[in-house]
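*Asks:* Could you look at this predicted model? Sequence included:
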Amino acid sequence: MTVSPPIPAGFAFDSPAAALEAMLSRIEPVGAERVPLKDAAGRVLAESIQADRPSPACDVSAMDGYAVREVDLKPGEIPVAGTIAIGAAPPAMPTGAVLRIVTGAPVPEGVFAVIRREDCVEHADRIGITEATIAAAPAGANIRRRGENCDAGAEITPAGTLITGPCVGASATVGVTEPAVRRRVRVALLVTGDEVLPADASPEPWQLRDSNGPALAGLLSRHAWLDVDLRPRVADDEGALREAFGSALADADAVICTGGVSMGGKDFVPAVVRASGAEVVFHRLPQKPGKPALGAISPEGKPILGLPGNPVSVLVTGRRLALPALARRAGMIDDPYPTLVRLTSRDPKTLKLWWHRPVRLTGPGEAVLLATKGSGDIPSASTSDGFVEIPPNDPDEGPFPFYAW
């Protein structure tokens, strides 16, 4: 287990994880709405799903075969008196005969076990029972008992769960056709910088096409519980930023700014955030890239993230810090744990900071480091599957937490 180092001078937290946890505890979830079950996948449950009856609701057969009473389970031949239909009330169980039964059909009262077809000798109107048949059919064999999955009133899926296909199936099973879900979190993206132009512009050598806004939008938009609003670029002017930020904070459930968050003369984001009345939880973290990152909470519990302007820094901090904060705003109760990967191409370099390094997956639990020229090298990042978080001064090969894009 990795032990966090002492808090470095100039930082309020010893790790990105500690800073993020301090922020998550202050975030309030958005409100709820009801949606048709067919539209619920990918959303976040706002109230738990509970069983309206036992599951299964009656004893059912787990196999295709023959229902038999205990008294009739003995060597010899026994007639087949009929068939138990699936989806219909079970008939009375006869004595001195067996009933055909299919998987999922209800088991009548008095049945000792269900004999599998492959464990007996089948004829058109009777079956042969052997000692091997008896050994394969102890009491309750191949019967799923009423309520063995859950009792009526049991919690099936807790509030705060990201709804998956199995969650949708469970909801349908218990008759929930319009689950209560958290409404989509509207996140406003503000890109700052005098040098930044739209992607369709023809920039001069000293200008840049904006990759930060599209990259963040691409990172976030694939989540059905988010509604991403990429706003027009904001110049490096405190008044313009104050106006744009105020509008974004009023309209959205969360705000992410890129650029203008460090210590330069035109880095106005920290001052504008504080002037809005927000509580700054962290500003500067012991990590690379993304050291200048800022995290704050508005008086209404809205998360605010100020991300460094370099493209790879934006992607890393967007994934490592912004996405979990938005998930908490969406009402998720648990943050997904990152997978662990071991590096197959470890180099001997270490840092005194938490180091986020782009990797490409090469096999189950394995990844290779990608060569990169730094936090501005978006071309190399585009070939990665995500990044690993390497603890300070760690020369090992892992395993390390892997954060997929």
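*Replies:* Received, thanks.
*Asks:* Tell me the buried residues in the helix or strand harbouring residue 23?
*Replies:* Per DSSP states H and E, residue 23 falls inside helix 16-24. Buried residues in helix 16-24, counted by 16 or more other C-beta atoms under 10 Å: 16-20, 23-24. The C-beta positions use only the backbone N, C-alpha and C, and glycine is treated the same way.
*Asks:* Other residues contacting the helix or strand containing residue 248?
*Replies:* Using DSSP H and E, residue 248 sits within helix 238-251. Here helix 238-251 makes contact (C-beta atoms under 8 Å, 6 or more residues apart in numbering) with 186, 188, 190, 192, 229, 231-232, 234-235, 255, 257, 260, 268-269, 271-273, 275-276, 298, 302, 304.
*Asks:* of those, buried ones?
*Replies:* When the contacts of helix 238-251 are checked against 16+ other C-beta under 10 Å, the ones flagged as buried are 186, 188, 190, 192, 231, 234, 255, 257, 260, 268-269, 272-273, 276, 298, 302, 304.
*Asks:* Might you specify the subset of the residues you listed located within helices?
*Replies:* Among those, the members falling in helices (DSSP state H) are 269, 272-273.
*Asks:* from those residues, which is closest to residue 91?
*Replies:* Comparing those against residue 91 with C-beta to C-beta places residue 273 closest, at 72.1 Å.
*Asks:* buried residues in the worst-scoring helix or strand of the chain on mean pLDDT?
*Replies:* Within the chain, no helix or strand scores below helix 378-381, which has a mean of 88 by mean pLDDT, DSSP states H and E. For helix 378-381, a neighbour-count test (16+ other C-beta under 10 Å) marks 378, 381 as buried.
*Asks:* and it, what does it pack onto?
*Replies:* Judged by 3 or more C-beta pairs under 8 Å, 6 or more residues apart in numbering; DSSP states H and E, the packing partners of helix 378-381 are helix 311-317.
*Asks:* Could I get the CA-only coordinates of the helix it packs on as PDB?
*Replies:* Output in PDB follows, covering the C-alpha atoms of helix 311-317 (Å, rounded to 0.1, in the frame of the first residue of the first chain):
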ATOM      1  CA  PRO A 311      -3.900  20.900 -23.200                       C
ATOM      2  CA  VAL A 312      -2.700  17.700 -21.400                       C
ATOM      3  CA  SER A 313      -3.100  19.400 -18.000                       C
ATOM      4  CA  VAL A 314      -6.700  20.100 -18.900                       C
ATOM      5  CA  LEU A 315      -7.400  16.500 -19.900                       C
ATOM      6  CA  VAL A 316      -5.600  15.100 -16.800                       C
ATOM      7  CA  THR A 317      -7.200  17.400 -14.300                       C
END
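*Asks:* ok, and what's touching it?
*Replies:* 211-212, 215-216, 219, 258, 289-290, 293, 305, 307-308, 356, 358, 372, 374-378, 381, 387, 405.
*Asks:* mind redoing it with 7 Å?
*Replies:* Contact with helix 311-317 is made by 211-212, 215-216, 219, 258, 289-290, 293, 307-308, 356, 375-378, 381, 387, as judged by C-beta atoms under 7 Å, 6 or more residues apart in numbering.
*Asks:* List of residues touching stretch 297-308?
*Replies:* 23, 26-28, 249, 253-258, 261-262, 269-270, 273, 276-279, 281, 289-290, 292-296, 313-314, 317-318, 321-322, 325-326, 329.
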